[in-house]
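Chemist: generate coordinates for the sequence data below:
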Amino acid sequence: MGQGAVILSENDRGTGMSSFGTHRARVHDGTRTPRHRLSDLRSCLQHFAPYGFGATYHYLRGSAGIPNRPESDPESLVRAVEELHAARQVWLASVAAYAGRRTAEKRAGRRQPAADDAWRAWRRGWNNIAYCPDPRRHPAEPLPVVVRRALCAPPSGRPGADGRPVCWVCEGPTGTELWRNGYWTYTLCAGCGVGLGRA
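Modeler: This is a model prediction of the structure:
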């Protein structure tokens with residue numbers, strides 16, 4: 001196996017379709033053109049995009065320093081896919097822990113998730129961990145840090161002392177603002193841009 005080759009884990013192998021791991025390996029493949037490798041990075045975002053596709057892509061372009069012409073710095077694509085992979089590993093560990101916990105609870109006769117876990121059904125899909133409706137507004141911290149914090153936090157939109165929703169990602173007294181995309185109006189955290197619900 002060549003230097004820098006990526007070995008796929010069980011979580012990365014697909015079942016007939018291209019998987020996150022397949023596209024991650026292609027991003028690492030220096031024999032492919034930078035444009036094709038960029039396309040594979042974007043395909044990884046079809047499998048895991050915690051801020052939503054647009055905001056996660058925008059974040060990774062800035063975080064990894066992906067230039068407009070990726071051939072001028074093809075290693076930036078590797079930096080981006082590895083940060084995304086690290087965040088995905090955090091998410092996969094959380095999903096596995098939840099699945100194990102629910103299996104044990106069901107064996108004990110508890111058919112409904114505990115109140116602390118009920119939010120998983122509606123908030124935390126692979127593209128909705130910390131959804132940012134405005135693709136140019138998202139948390140600035142490293143993606144694995146934000147994903148870990150979001151997965152351990154209480155549900156979004158819970159009211160604070162002043163009755164306004166509190167962001168579960170930054171949890172600071174940053175307030176809220178409205179953002180419109182032409183179809184919907186969203187309430188965003190004014191500090192990090194995470195969506196707190198539709199207005």
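Chemist: surely residue 80 and residue 67 touch.
Modeler: No: the pair residue 80 / residue 67 is not scored as a contact, 11.6 Å apart, by C-beta atoms under 8 Å. No exception for glycine: its C-beta is placed from N, CA and C like everyone else's.
Chemist: just the pLDDT for the residue positioned nearest the centre of the chain.
Modeler: By C-alpha atoms, centre = their mean, the mean C-alpha position of the chain lies nearest to residue 50, the distance being 1.7 Å. pLDDT for residue 50: 93.
Chemist: and it, that one's in a helix?
Modeler: No: counting by DSSP: H, G, I helix; E, B strand; the rest coil, residue 50 is located in no helix; its state is coil.
Chemist: if I pick it, what's in contact with it?
Modeler: By C-beta atoms under 8 Å, 6 or more residues apart in numbering, the residues touching residue 50 are 56, 87, 91, 126-130, 143, 146-147, 150.
Chemist: same check on residue 153?
Modeler: 168-169, 171.
Chemist: let's see that with 6 Å instead.
Modeler: Residues near residue 153 by C-beta atoms under 6 Å, 6 or more residues apart in numbering: residue 168.
Chemist: can you give me the strands in the protein?
Modeler: Counting by DSSP state E, the segments of the chain that form strands are 176-180, 185-189, 195-198.
Chemist: helices and strands around the longest helix along the chain, which ones?
Modeler: Secondary structure of the chain per DSSP state H: the longest helix is helix 75-107. Here helix 75-107 touches helix 20-28, helix 34-47, helix 53-64, helix 143-152, going by 3 or more C-beta pairs under 6 Å, 6 or more residues apart in numbering; DSSP states H and E.
Chemist: out of these, which is the most enclosed?
Modeler: Most buried of these, by mean neighbour count (mean count of other C-beta atoms under 10 Å): helix 20-28, with a mean of 21.
Chemist: export it to PDB, keeping only CA atoms.
Modeler: Written as PDB, here are the backbone C-alpha positions of helix 20-28 (Å, rounded to 0.1, in the frame of the first residue of the first chain):
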ATOM      1  CA  PHE A  20     -17.600   8.600   3.100                       C
ATOM      2  CA  GLY A  21     -14.500   6.400   3.400                       C
ATOM      3  CA  THR A  22     -14.300   5.800  -0.300                       C
ATOM      4  CA  HIS A  23     -14.400   9.500  -1.100                       C
ATOM      5  CA  ARG A  24     -12.000  10.300   1.800                       C
ATOM      6  CA  ALA A  25      -9.500   7.900   0.200                       C
ATOM      7  CA  ARG A  26     -10.000   9.600  -3.200                       C
ATOM      8  CA  VAL A  27      -9.200  13.000  -1.600                       C
ATOM      9  CA  HIS A  28      -5.900  11.500  -0.400                       C
END
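Chemist: buried ones in the helix or strand of the chain with the lowest mean pLDDT?
Modeler: Sorting the helices and strands of the chain by mean pLDDT, DSSP states H and E puts strand 195-198 at the bottom, at a mean of 86. Of the residues in strand 195-198, those buried by neighbour count under the rule 16 or more other C-beta atoms under 10 Å are 195-196.
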